[in-house]
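Participant: Model the following, please.
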Amino acid sequence: MLRRTTAALAGSVTALALLATACGGGADQGASSTAAKKTGEVTFWSFVKGSDKVAEAFNRSHPDIEVTFETVPSGQEYYSKLTNAVKAGTAPDVAVVEFPHLPEFAAQGKVEDLTGLLGPVVRERFPDAARQLVDLGGRTWGVPRDAAPLMMMYRKDFFTRHKIDVPTTWDAYRNMTEQVKKADPAARGGVLYTDNPGLLSALSWQAGGRWFSTEKDSWKVTVDDGPSKKVAAYWGDLARKDLVRSLSQLDPFWTSVQKNRTVAYVCASWCAGAHQATVPDQKGKWAVAPVPTWDGKPASGMYGGSSFVIPKGSDNSGAAAEFIKWITTDPEGMKAWVSSGTSSMFPADPKLVPVTKAAFTTDYYGGQDIYTLMAQSYNAIRPGWTWGPVMGATNTAIVDQLPKVADGSVTLPGVLAIAEKATITQMEQRGLKVATP
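Facilitator: Numbers count the residues shown, from 1 in each chain. Prediction:
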């Protein structure tokens with residue numbers, strides 16, 4: 001079980017409580033809504049695969065509540081749509097919000113305080129690694145659905161053929177990328193995504209970085225702290241030396257996998273299913289390993305993960321809470337999520353891991369017990385990570401610069417410095433107090 005330090009928790013509580021109060025997230029909302037009715041109609045917005053099946057399964061087993069599912073686009077387009085719906089008073093009753101975006105939505109008063117409705121569920125069912133991402137300012141703003149602990153994917157046949165060891169440290173990972181390129185000049189042993197900052201933040205988290213923390217009543221922004229700069233320098237060097245590919249996360253990346261040009265890469269638990277579904281013809285060639293660490297000791301972070309919230313202005317918070325509880329903590333709800341058969345979702349609720357594990361076919365990975373590896377990575381997630389209140393601005397600043405890293409026009413540590421400056425500027429423009437370094 002992971003533990004946060006008391007000081008770190010207290011800091012987040014202070015800052016988030018002040019922000020929530022300032023932005024309209026009143027302190028008594030959750031407690032006063034515990035008696036809300038648990039019947040009626042619920043509208044549900046999600047871009048997560050399987051959401052339609054989940055809504056259908058819930059409706060079959062809960063005749064007093066009718067959930068109407070509406071699919072929505074993913075990415076920033078979705079968060080803009082949800083923000084506009086809250087402003088217009090047309091928000092759904094239940095919506096997905098990925099962990100990095102939740103502090104921003106909570107601080108701006110866009111989601112309901114769930115402390116009374118679902119706070120006890122979060123405290124009882126989820127370990128600190130997940131709970132620390134939804135309990136902000138001493139209050140509960142969402143319920144975790146899935147965690148996304150780091151993993152490493154690799155071509156077992158390629159490694160065996162060329163006598164390459166699976167790396168357990170980042171020094172060994174560098175050696176592996178050199179061996180891969182030497183064995184096949186067209187192949188690479190890793191990827192630096194040019195359009196997604198998520199892996200960079202996850203690896204910074206794993207290294208002990210703390211992009212955001214609090215100091216008394218202020219936010220402290222340290223996107224380019226020591227551990228994060230260490231990670232950035234490492235991956236930037238691999239990219240400049242052409243030991244890893246700089247690719248978009250979408251089609252160019254999967255094409256490189258299909259053409260045997262990417263034979264190893266760092267990802268998260270959800271990648272096992274996505275990989276199997278996208279490259280089915282490479283069945284039996286891939287395996288999963290723990291993510292390398294700096295000192296060889298277990299350490300991890302999250303690359304992804306989502307929660308479910310009740311947006312501000314919901315017409316039926318009681319029934320919405322029942323639906324959220326079912327889709328995040330009930331075995332039948334979890335079965336519905338993975339009913340497609342290819343999902344490798346790792347539930348944030350450890351009690352539900354046997355459900356997803358049983359539903360996942362391991363033939364693609366030669367019968368490997370990948371869920372045990374995922375659980376080990378989940379348990380090794382470093383405590384104390386806090387997402388910032390303007391992650392949209394932080395991520396945009398990073399993504400704008402990532403394509404320039406491989407050609408050397410900007411360094412990856414320099415990208416972090418640019419992102420830190422842009423983040424502080426955005427926070428000050430929103431009236432948030434930022435502590436001076």
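Participant: Could you check how far the helix or strand containing Ser204 is from the centre of its chain?
Facilitator: Counting by DSSP states H and E, the element that carries Ser204 is helix 198-207. Taking the mean of its C-alpha atoms, helix 198-207 sits 11 Å from the chain's own mean (CA atoms, centre = their mean, to the nearest Å).
Participant: and it, what's its mean pLDDT?
Facilitator: Helix 198-207 carries an average pLDDT of 97.
Participant: show me where the stretch 201-350 of the chain has strands.
Facilitator: For the stretch 201-350 of the chain, the strands defined by DSSP state E, counting those that start in this stretch cover 212-215, 218-221, 245-247, 264-268, 286-290, 306-309, 346-347.
Participant: Let me have these in TSV, extended by mean pLDDT.
Facilitator: Output for the strands of the stretch 201-350 of the chain, formatted as TSV (pLDDT from 0 to 100):
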stretch	mean pLDDT
strand 212-215	89
strand 218-221	94
strand 245-247	87
strand 264-268	97
strand 286-290	98
strand 306-309	98
strand 346-347	97
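Participant: Of these, give the one that comes closest to Gly142.
Facilitator: Closest to Gly142 of those, according to CB to CB: strand 306-309, at 3.4 Å. Every residue, glycine included, has its C-beta placed from N, CA and C.
Participant: Give me the packing partners of the closest one, helices and strands only.
Facilitator: On a contact count with 3 or more CB pairs under 8 Å, 6 or more residues apart in numbering; DSSP states H and E, strand 306-309 meets strand 94-98, helix 102-107, strand 143-147, helix 317-329.
Participant: ok, the nearest residue to Glu98 once chain neighbours are set aside - contacts?
Facilitator: Once flanking residues are discounted, Glu98 sits nearest to Ser306: 4.9 Å by CB to CB, 6 or more residues apart in numbering. By CB atoms under 8 Å, 6 or more residues apart in numbering, Ser306 lies in contact with 48, 96-99, 144-146.
Participant: Likewise for Ala239?
Facilitator: 192, 246, 405-406, 412.
Participant: okay, among these, which ones form the most distant pair?
Facilitator: Ser246 and Leu412, at 10.6 Å, using CB to CB across the contacts of Ala239.
Participant: Looking at the two now, which is surrounded by more residues?
Facilitator: Using other CB atoms under 10 Å, the more surrounded residue of Ser246 and Leu412 is Leu412, with 26 against 20.
Participant: does the more buried one really touch Trp235, like I thought?
Facilitator: Yes: look at Leu412 against Trp235 with CB atoms under 8 Å: they come within range, at 5.9 Å.
Participant: Overlap of the contact sets of those two?
Facilitator: Leu200.
Participant: Do I have it right that Gly40 meets Thr68?
Facilitator: No: assessed by CB under 8 Å, Gly40 is found out of contact with Thr68, at 11.3 Å.
Participant: residue nearest the centroid of this structure?
Facilitator: Using CA atoms, centre = their mean, the residue of the chain that lies closest to the mean C-alpha position is Gly304, 1.9 Å off.
Participant: Give me the nearest residue to that residue, chain neighbours excluded.
Facilitator: Counting by CB to CB, 6+ apart, the residue nearest Gly304 is Ala148, at 3.4 Å.
Participant: With Lys81 instead?
Facilitator: That would be Val72: by CB to CB, 6+ apart, it lies 6.2 Å from Lys81.
Participant: burial count for that neighbour?
Facilitator: Count around Val72 with other CB under 10 Å applied: 20.
Participant: Contacts only, for it.
Facilitator: Counted by CB under 8 Å, 6+ apart, Val72 has contacts 45-47, 78, 81-82.
Participant: just to revisit the earlier point, arrange the contacts of Ser306 in TSV, one row each, with distance to Gln108, neighbour count and pLDDT as further columns.
Facilitator: Putting the contacts of Ser306 into TSV (distance: CB to CB, whole Å; neighbours: other CB atoms under 10 Å; pLDDT from 0 to 100) gives the following:
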residue	distance to Gln108	neighbour count	pLDDT
Val48	23	20	93
Val96	17	22	98
Val97	12	24	98
Glu98	16	23	97
Phe99	16	24	97
Pro144	21	25	98
Arg145	22	27	97
Asp146	24	27	97
